[in-house]
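K.L.:
Can you look at this prediction? I've put the sequence above it.
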Amino acid sequence: MAAACARSFSKVGWSLLESPLVRRPGTGFYLSGNAGARVSGRGYGTGSGLGLRSRLLSSLRAGGGRVLGCAFLLGGGLGLYQTVKFSAQQHLAEEHCKVQGDGLKLVLYQYKTCPFCSKVRAVLDYYGLPYEIVEVNPVMRKELKWSTYRKVPILMVDSDVQMNDSSVIISCLKTYLINKKKSMPELIRCYPEMKSVNDRGKEVTEYNNKYWLMLSEEDNELVYPEKGMQKEERKWRQWADDWLVHLISPNVYRTSGEALASFDYIVREGKFGNFEGFFAKYVGAAAMFIISKRLKSRHNLQDDVRQDLYKACNDWVAAIGKKRKFMGGDEPNLADLAVFGVLRVMEGLQAFDDMMENTKVKHWYRRMETATLNHEGRK
């Protein structure tokens with residue numbers, strides 16, 4: 001559109017330059033030749049008295065319409081300049097985006113309200129990595145029929161590399177962004193699966209090294225310039241997985257009313273059919289209200305589970321301290337992004353409002369919100 005307007009200005013300019021001004025008795029001047037647009041003196045003084053417009057045209061007689069033509073050419077030139085400038089900026093932005101994502105095609109299979117999926121989204125958003133989302137139906141999970149791994153999140157890279165487990169995904173992505181010498185398939189092999197049976201007799205899959213970045217000593221010093229930073233990041237990433245995430249369900253399903261409100265949100269944001277949505281909202285809310293009581297017992301939570309949530313948030317803020325904006329310093333690290341991703345799934349629910357009102361986490365949370373929304377990790 002801008003280019004078309006610029007070209008039009010230029011054409012008019014050349015027409016004016018090539019078309020002499022001809023006096024028409026009693027009216028002033030009109031453009032002859034291709035311009036052909038009559039210049040009327042109406043409203044500016046006509047007849048024997050020269051109005052403002054007539055005086056202006058008289059001043060242009062010496063050079064014909066060349067001054068006016070130059071003005072149009074100048075406008076067209078400026079328009080073309082702005083068009084080229086905009087196109088160049090757009091091209092640079094696209095190239096920058098390609099550099100950040102390095103041309104990777106990323107597809108995230110998720111439940112929107114899953115805290116582990118939210119962690120991965122926080123990292124992708126913060127670093128400005130383009131990605132597609134496939135919302136998985138939590139009842140049928142037909143979107144995952146192609147995979148033997150039936151949990152979310154799953155991140156597919158270039159349609160042929162499958163990455164499982166939120167912490168492995170995050171560590172792989174961060175390692176790749178820092179040093180692209182190794183491909184994604186090579187990096188995934190650094191986080192081998194380890195199957196075991198838990199105390200309830202259920203087979204579980206764990207991943208070795210999942211909180212580690214696979215960096216050279218030189219890169220490691222650049223990412224963690226101060227002593228203890230790497231250890232601190234790993235500690236709090238694991239804390240988010242092993243403790244903080246287990247506080248979410250007992251708090252959002254704390255009462256029957258909160259359980260119903262939570263499932264109303266889940267159904268609204270998730271991928272459910274009409275019958276599935278109705279079933280999930282009412283039967284699911286009742287079931288999770290009961291299950292949340294068992295979770296409270298399993299994880300040794302207080303009767304008032306809000307107190308555990310409040311303490312966790314205040315412990316997190318205390319670990320950051322008063323001199324740092326984020327645990328990573330002036331910029332979020334992977335622990336910041338993990339904790340933010342977990343807490344974010346409660347937004348819009350009573351538990352979130354209570355947390356923001358009764359803990360010291362609010363200012364840090366808002367800074368994280370801004371950093372993620374603005375893709376500040378691109379720099």
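P.N.:
Good, I have the coordinates.

K.L.:
Identify each buried residue in stretch 125-141, please.
P.N.:
125, 126, 127, 128, 129, 131, 135, 136, 138, 139 (16 or more other CB atoms under 10 Å). C-betas here are computed from N, CA, C, even on glycine.

K.L.:
Would you reformat those as JSON lines and include secondary structure and distance to residue 305?
P.N.:
Formatted as JSON lines, the buried residues of stretch 125-141 follow (DSSP: H, G, I helix; E, B strand; the rest coil; distance: CB to CB, whole Å):
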{"residue": "125", "secondary structure": "helix", "distance to residue 305": "29"}
{"residue": "126", "secondary structure": "helix", "distance to residue 305": "29"}
{"residue": "127", "secondary structure": "coil", "distance to residue 305": "33"}
{"residue": "128", "secondary structure": "coil", "distance to residue 305": "36"}
{"residue": "129", "secondary structure": "coil", "distance to residue 305": "35"}
{"residue": "131", "secondary structure": "coil", "distance to residue 305": "33"}
{"residue": "135", "secondary structure": "strand", "distance to residue 305": "28"}
{"residue": "136", "secondary structure": "coil", "distance to residue 305": "28"}
{"residue": "138", "secondary structure": "coil", "distance to residue 305": "23"}
{"residue": "139", "secondary structure": "coil", "distance to residue 305": "27"}
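
K.L.:
Quickly find the element holding the nearest residue to residue 118 once chain neighbours are set aside.
P.N.:
For residue 118, ignoring the flanking residues on the chain, the nearest one in space by CB to CB, 6 or more residues apart in numbering is residue 341 at 4.2 Å. If you go by DSSP states H and E, residue 341 is part of helix 334-344.

K.L.:
now do residue 205
P.N.:
Using DSSP H and E, the element containing residue 205 is strand 203-207.

K.L.:
And for residue 133?
P.N.:
strand 132-135.

K.L.:
Name every strand pairing with that strand and say which way it goes.
P.N.:
strand 106-110 (parallel) (DSSP bridges).

K.L.:
Please tell me how far residue 196 sits from residue 148.
P.N.:
Look at residue 196 and residue 148: by CB to CB, to the nearest Å, they are 18 Å apart.

K.L.:
wait, I meant residue 247
P.N.:
Distance from residue 247 to residue 148, by CB to CB: 31 Å.

K.L.:
okay, the two: which has more neighbours?
P.N.:
residue 247 (27 against 6; other CB atoms under 10 Å).

K.L.:
so is the closest residue to that one other than its chain neighbours in a helix, a strand, or just coil?
P.N.:
The spatial neighbour of residue 247 that comes closest, neighbours along the chain excluded (CB to CB, 6+ apart), is residue 309 at 5.0 Å. Secondary structure state of residue 309, per DSSP: H, G, I helix; E, B strand; the rest coil, is helix.

K.L.:
With residue 240 instead?
P.N.:
helix.

K.L.:
ok, it to residue 118 distance?
P.N.:
Going from residue 240 to residue 118 by CB to CB gives 11 Å.

K.L.:
Check residue 313 too.
P.N.:
16 Å.

K.L.:
Show me the shaky parts of the chain.
P.N.:
1-102, 272, 274-282 (pLDDT under 70).

K.L.:
now do 80
P.N.:
1-103, 139, 265-288, 379 (pLDDT under 80).

K.L.:
Let me see the ranges of the strands in it.
P.N.:
For the chain, the strands defined by DSSP state E cover 21-24, 28-31, 106-110, 132-135, 154-157, 161-164, 193-197, 203-207.

K.L.:
which of the ones you listed is buried the deepest?
P.N.:
The highest average neighbour count among the strands of the chain, using mean count of other CB atoms under 10 Å, belongs to strand 154-157 at a mean of 23.
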